[in-house]
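In: 3D, please:
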Amino acid sequence: MTATTLGISIGEAIPDRRLSSNAYSGTLQLKGKRVRIDISESATQALSDRDEPLLVELELYFSCLVRKQIRFTALQQEPGRDSDCTRVMEGLYASFRTVTTAHCRIDETDGKPPVETLPVKKPDLFVPDWLKLDFRAGRWLGEYGFKNDL
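Out: Below you'll find the model as predicted:
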């Protein structure tokens, strides 16, 4: 599956006022866990204006620190049934992965350290409880968290 990264969002706060009555609200399953999702009206409009599907990848990064990150990726085609993506609505898919640095010697790394998928025995314990998506000033924004973040 060919993909183009459109942007990365490191937990930009999406105010509840952006999630008006015309926004989308629902749930999806990620790694066996039910996740609440809210999508602003401008994001649903931007999705309907797209010709290709969009993948929202929730990433939990473990290294010297823990970082939450959301990647927005344009897909050339709909993901297959065997992919790790969950369909949220037409043209929108989500996935979740935990990653760690391949090694922790920052002084030996030129630029961003390489990451590898971190296998976890119970991934549902790491999957967030909620996800918010927005589209502002031509840019995709995302925020996710856990019940205590609400």
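In: How much space separates K132 from R17?
Out: The spacing between K132 and R17, counted by C-beta to C-beta, to the nearest Å, is 12 Å. The way it works is simple: take the backbone N, C-alpha and C, and place the C-beta from them, glycine included.
In: Mind checking which of these two has more residues around it?
Out: Set K132 next to R17 and count neighbours by other C-beta atoms under 10 Å: K132 wins out with 25 against 7.
In: Relative to Y24, how far out is the more buried one?
Out: Taken as C-beta to C-beta, the span from K132 to Y24 is 11 Å.
In: residues bridging contact with the two, i.e. touching both?
Out: Residues touching both K132 and Y24 (C-beta atoms under 8 Å, 6 or more residues apart in numbering) are 37-39.
In: Quick one: these as JSON lines, columns for neighbour count and distance to E90 too.
Out: Listed next are the shared contacts of K132 and Y24 as JSON lines, based on neighbours: other C-beta atoms under 10 Å; distance: C-beta to C-beta, whole Å:
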{"residue": "I37", "neighbour count": "20", "distance to E90": "14"}
{"residue": "D38", "neighbour count": "19", "distance to E90": "17"}
{"residue": "I39", "neighbour count": "26", "distance to E90": "12"}
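In: Could you tell me which of the residues you listed are located in strands?
Out: Among those, the residues falling in strands (DSSP state E) are 37-39.
In: Following element in sequence after the helix or strand of the chain with the lowest mean pLDDT, please.
Out: One helix or strand of the chain scores below all others by mean pLDDT, DSSP states H and E: strand 115-117, with a mean of 68. Note on strand 115-117: by DSSP states H and E, the next helix or strand toward the C-terminus is strand 130-136.
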